[in-house]
Each structure stands twice: as structure tokens, then as C-alpha cells.
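*Asks:* What follows is a predicted protein model with its sequence.
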Amino acid sequence: MSAASGSGWQALARGAALRAAEPAGLAREFLCFELAGAPYALPVGELREIARLRALTPLPRAALDVLGIASLRGQVICVIDLRRRLGLPAEPPGRSARLAIVSDPERGLCGLLVDRVCGVQRSDASQLRPAGAAGGRAVAGLLARGGGFATLLDLARVLDREA
């Protein structure tokens with residue numbers, strides 16, 4: 001990957017952080033990403049940054065969806081395979097895999113491994129739909145995206161191993 005495209009991810013993360021600090025209006029922003037070829041989303045306000053996958057230290061007796069720990073600017077983060085956490089088929093990370101760094105009050109910083117980051121989408125309430133009965137525990141709803149929908153995840157439920 002070229003340095004120019006790497007700086008693009010940094011600009012995306014900085015822009016998302018700046019927009020998250022704007023006064024709350026009708027529109028909300030969502031980080032859109034892919035897992036197993038399907039579109040997913042998280043509210044930008046729950047995201048700290050996007051980082052490249054880095055060297056991991058495995059944790060003995062950790063759950064299968066916990067890939068290990070990594071250092072991010074001197075802070076230790078737990079890295080979770082979001083595919084496995086959501087019950088999707090596991091697959092080795094590709095070149096476009098990224099860590100969506102989120103902050104959890106109980107666990108501190110966590111990195112959620114995603115297959116590919118698609119971008120940030122600004123949406124209003126008319127583009128959000130309830131998930132319905134088929135949603136599952138970690139699904140907060142559906143986000144209209146292009147001609148289809150992205151699964152909007154509930155970060156608290158994703159991080160809660162009991163859910």
C-alpha cells in the first residue's frame with residue numbers, strides 16, 4: 001500500500017473525529033465497513049480511530065474471537081476478530097483489513113478487526129430502519145446505503161460477551 005493511501009486513512013480518521021465534535025443535529029455519521037463481503041456500520045461517535053493491523057501477542061486461554069493484544073502508541077489494546085464475535089466464518093486478514101479502535105468503559109481500548117473500511121456516511125433518521133426479529137443481539141438496526149442496507153451494530157452488545 002502506498003504512503004499516499006495510508007495518509008488517506010489518517011485524513012479519514014481525523015475528519016471523522018472533527019465531525020464527531022460538531023453539535024448534534026439531525027444527521028449522524030456512521031463508519032461503514034465490510035465483514036465477509038457484507039456491509040456493516042458503527043456510529044462514528046463510538047469510534048476513536050482507524051488503524052492498520054499490527055503485530056499481536058496471543059493471550060493464553062482467551063476466547064477464540066480474541067486475537068490477542070497489541071500496542072497502539074504506547075497503550076495496550078485488546079484485538080477482537082469481529083467476524084468471529086458475530087458468528088461469521090473466520091478468515092485470515094487481508095491487505096485491506098483494519099482495526100476500528102473503540103473505547104469501552106470496562107475494558108479500555110479495543111480494536112475490532114474488520115475486512116475493509118468503506119468510508120463515513122452521513123445519514124438522517126429517515127435512512128435508519130429497525131432490525132426486526134431477524135436482527136440478532138448485536139444489531140441495532142439497518143442503515144440505508146446505496147441500493148441496499150448496512151447492518152448497524154450496537155457496540156455495547158458487540159463488546160458484551162454475555163449478550
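*Replies:* It's in. Because the structure is a prediction, the values reported are computed rather than measured.

*Asks:* and the next element down the chain from the helix or strand of the chain with the lowest mean pLDDT?
*Replies:* Taking mean pLDDT, DSSP states H and E as the measure, the helix or strand of the chain with the lowest value is helix 3-20, at a mean of 52. Sequence order places strand 28-35 as the next helix or strand after helix 3-20, per DSSP states H and E.

*Asks:* Could you name the helices and strands sitting against that following strand?
*Replies:* Counting by 3 or more C-beta pairs under 8 Å, 6 or more residues apart in numbering; DSSP states H and E, the packing neighbours recorded for strand 28-35 are helix 3-20, strand 38-43, strand 98-104, strand 108-114, strand 116-123, strand 139-145, strand 148-153. For every residue, glycine as well, the C-beta is placed using N, CA and C.

*Asks:* Would you mind listing the residues in contact with the spatially most central residue of the chain?
*Replies:* The residue lying closest to the centre of the chain (C-alpha atoms, centre = their mean) is residue 100, at 4.4 Å. By C-beta atoms under 8 Å, 6 or more residues apart in numbering, residue 100 lies in contact with 31, 33, 42, 47, 50, 82, 111-112, 114, 117.

*Asks:* Pairing partners for it in the sheet, please.
*Replies:* Residue 100 forms beta bridges with residue 50, residue 112, as assigned by DSSP bridges.

*Asks:* Quick check: the gap between it and residue 132.
*Replies:* Here residue 100 is placed at a distance of 25 Å from residue 132 (C-beta to C-beta, to the nearest Å).
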